[in-house]
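> got a structure for you, letters missing:
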Ligand code: ZN
């Protein structure tokens with residue numbers, strides 16, 4: 001495959017390659033299970049912008065380097081929450097702003113804003129998922145039009161353990177239905193690829209050895225359709241989802257999400273209740289996260 005050109009100065013974080021009419025965007029922080037920093041998300045935005053602009057690029061596949069798609073937002077010491085980036089929305093820079101204003105300005109831009117921007121690319125986008133797809137990882141996969149998964153893939157949103165009602169791109173009830181969305185959120189534990197397919201989150205599940213070839217085959221098949229027809233079909237479904245309340249629901253829940261962060265900061269000093277990565281891993285793996293971690297913790 002013609003894995004090639006870097007995208008901007010943070011290009012190493014997202015690789016952009018082309019195979020005929022198909023663009024492949026690869027998250028490239030495998031040592032951290034592709035945990036998302038601001039730098040990585042802006043690199044992904046640049047890659048998606050390039051895909052949108054290239055006339056002969058018809059379909060994009062978004063995937064992750066290594067065993068995992070993405071373990072979520074980088075909340076560890078490798079994160080870059082206090083760094084200024086060149087923004088793509090009209091929100092002001094969050095750096096140096098106090099209290100809830102800091103989180104609101106940052107999350108409007110970097111989390112909710114970027115995911116909405118990518119959902120509205122008028123060309124088909126496919127998330128190709130193996131391994132972990134957790135919280136912020138779900139946001140990227142859900143911003144794509146649909147998901148092809150390997151049998152190794154698993155999905156979780158453990159953010160209720162952090163005292164917030166799900167990740168920032170709150171599409172849960174529209175993707176899963178209300179009752180399944182509640183169980184998914186209240187437990188926070190992982191579901192596997194076949195469960196995710198039964199719930200309507202994942203379109204197709206392939207053996208791990210077949211995922212790349214099958215995803216490319218289907219992407220090329222889609223690429224044979226007329227560009228305008230695909231754009232109109234995508235807009236039609238997105239508009240229908242918004243007419244069913246997706247966009248306004250996401251806006252109202254974003255307010256609850258910010259309230260959760262603000263409450264947590266008041267009572268604990270941390271917008272995410274000082275949850276450690278070990279505690280979050282325990283939630284994802286269905287263990288009692290209030291106990292000391294065992295040795296079999298996985299992402
Ligand atoms: Zn948040």
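Received, thanks. Every value quoted in this text rests on a predicted model; they were computed, and no experiment measured them.

> after the lengthiest helix in the chain comes which helix or strand?
Determined from DSSP state H, the single longest helix within the chain is helix 246-268. Next helix or strand after helix 246-268 toward the C-terminus (DSSP states H and E): helix 277-284.

> okay, buried residues for that next one please.
By 16 or more other CB atoms under 10 Å, the buried positions in helix 277-284 come out as 279, 280, 281, 282, 283, 284. C-beta here means a position set from N, CA and C on the backbone, and glycine is covered the same way.

> average pLDDT across it?
For helix 277-284, mean pLDDT is 93.

> mind giving me the packing neighbours of it?
Helix 277-284 is packed against no helix or strand, with contacts defined by 3 or more CB pairs under 8 Å, 6 or more residues apart in numbering; DSSP states H and E.

> same thing but 10 Å
On a contact count with 3 or more CB pairs under 10 Å, 6 or more residues apart in numbering; DSSP states H and E, helix 277-284 meets strand 132-134, strand 154-156.

> contacts for the last one next, please.
The contact list for strand 154-156, computed with CB atoms under 10 Å, 6 or more residues apart in numbering, reads 68-69, 71-72, 129-135, 137-138, 141-142, 147, 149, 184, 187-193, 195-196, 199, 201-202, 280, 283-286, 298-299.

> can you list the strands that it pairs with?
Sheet partners assigned to strand 154-156 using DSSP bridges are listed as strand 132-134 (parallel), strand 191-192 (antiparallel).

> and the next helix or strand past it?
Next along from strand 154-156, by DSSP H and E: helix 172-176.

> just after that next one, pick out the following helix or strand.
helix 178-187.

> next SSE after the lowest-mean-pLDDT helix or strand in the chain?
Lowest by mean pLDDT, DSSP states H and E among the helices and strands of the chain is strand 2-3, with a mean of 37. Note on strand 2-3: by DSSP H and E, the next helix or strand toward the C-terminus is strand 14-19.

> after that following strand comes which helix or strand?
strand 22-27.

> what angle do that next one and strand 14-19 make?
160 degrees (axes from the mean of the first three to the mean of the last three CA atoms, to 10 degrees).

> quick one: pLDDT of residue 198?
In this prediction, residue 198 has a pLDDT value of 98.

> hang on, it packs against residue 191?
Yes: contact criterion CB atoms under 10 Å: residue 198 and residue 191 qualify, at 9.0 Å.

> mind checking which of these two has more residues around it?
residue 191 (21 against 12; other CB atoms under 10 Å).

> what about the more buried one, distance to residue 221?
Distance check for residue 191 against residue 221: by CB to CB, to the nearest Å, it reads 28 Å.
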